[in-house]
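>>> compute the structure for the input listed below.
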Amino acid sequence: MAKQKMKRHSPQEQAHYEREARLQYGPGIVNESIARWGNYSQARQDEIIAEGEAIYSELAEKMQQGHQAGDSEVVALLGRWQAHLRHFYEPNLDILRGLGQLYNSHPEFITNFQRLHADLPAWLERVIDEYVDDLETAELERMLAEDEQRAQRLSQ
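Below you'll find the predicted structure:
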């Protein structure tokens, strides 16, 4: 079966998704995203879309090759995905985890990702969930190390 490209949204679909996002995440992050997107030239928007499509295609390839969450190549791609999202908004860990869940629960996302591979939505949810777990663990370890250093300074 030949791979298909991901579907791009019509202006009406985009408006519908923006309304949904405002209800789920609040108007602040959605308005920020709309403002960021509106500041890009058409050429830059096309580059950003192509970059996102490339990241998702590469993730689908890694899945097909048998890569799992935690594999260095998958982690690197998810880092690129996280950086790519910054073209739209600052993705905190809750948003990243929520996107992974959304990719495997929202019918339009499922259909769009299945254009690349039938199993991609579920795989993305799994690898994104572990990626976020690892980011949370690293942040907790960093905070604990800072607390330890602070405690050592106070005890001297």
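>>> from now on I want contacts and neighbour counts done on CA atoms only, so please keep to that.
Fine.
>>> CA atoms only: put the lowest-mean-pLDDT helix or strand in the chain into PDB for me.
Ranked by mean pLDDT, DSSP states H and E, the helix or strand of the chain with the weakest confidence is helix 11-25, at a mean of 81. C-alpha atoms of helix 11-25 as PDB (Å, rounded to 0.1, in the frame of the first residue of the first chain):
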ATOM      1  CA  PRO A  11     -10.200  27.200   6.500                       C
ATOM      2  CA  GLN A  12     -13.500  25.900   7.800                       C
ATOM      3  CA  GLU A  13     -11.900  22.900   9.400                       C
ATOM      4  CA  GLN A  14      -9.200  25.100  10.900                       C
ATOM      5  CA  ALA A  15     -11.800  27.400  12.500                       C
ATOM      6  CA  HIS A  16     -13.600  24.300  13.900                       C
ATOM      7  CA  TYR A  17     -10.400  23.000  15.500                       C
ATOM      8  CA  GLU A  18      -9.600  26.400  16.900                       C
ATOM      9  CA  ARG A  19     -13.000  26.500  18.600                       C
ATOM     10  CA  GLU A  20     -12.400  23.000  20.000                       C
ATOM     11  CA  ALA A  21      -9.000  24.000  21.300                       C
ATOM     12  CA  ARG A  22     -10.300  27.100  23.000                       C
ATOM     13  CA  LEU A  23     -12.800  25.000  24.900                       C
ATOM     14  CA  GLN A  24     -10.200  22.400  25.900                       C
ATOM     15  CA  TYR A  25      -7.100  24.600  26.500                       C
END
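>>> can you name every helix or strand that whichever helix in the chain runs longest contacts?
If you go by DSSP state H, the chain has its longest helix at helix 120-155. Packing partners of helix 120-155 (3 or more Cα pairs under 8 Å, 6 or more residues apart in numbering; DSSP states H and E): helix 42-64, helix 72-85, helix 93-103, helix 107-114.
>>> now mean neighbour count too, for these, in CSV please.
Compiled in CSV, those are given as follows (neighbours: other Cα atoms under 10 Å):
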stretch, mean neighbour count
helix 42-64, 16
helix 72-85, 16
helix 93-103, 17
helix 107-114, 17
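>>> out of those, which is closest to residue 14?
Nearest to residue 14 among the helices and strands packed on helix 120-155 is helix 107-114; the distance by Cα to Cα comes to 12.0 Å.
>>> helices and strands around the closest one, which ones?
helix 93-103, helix 120-155.
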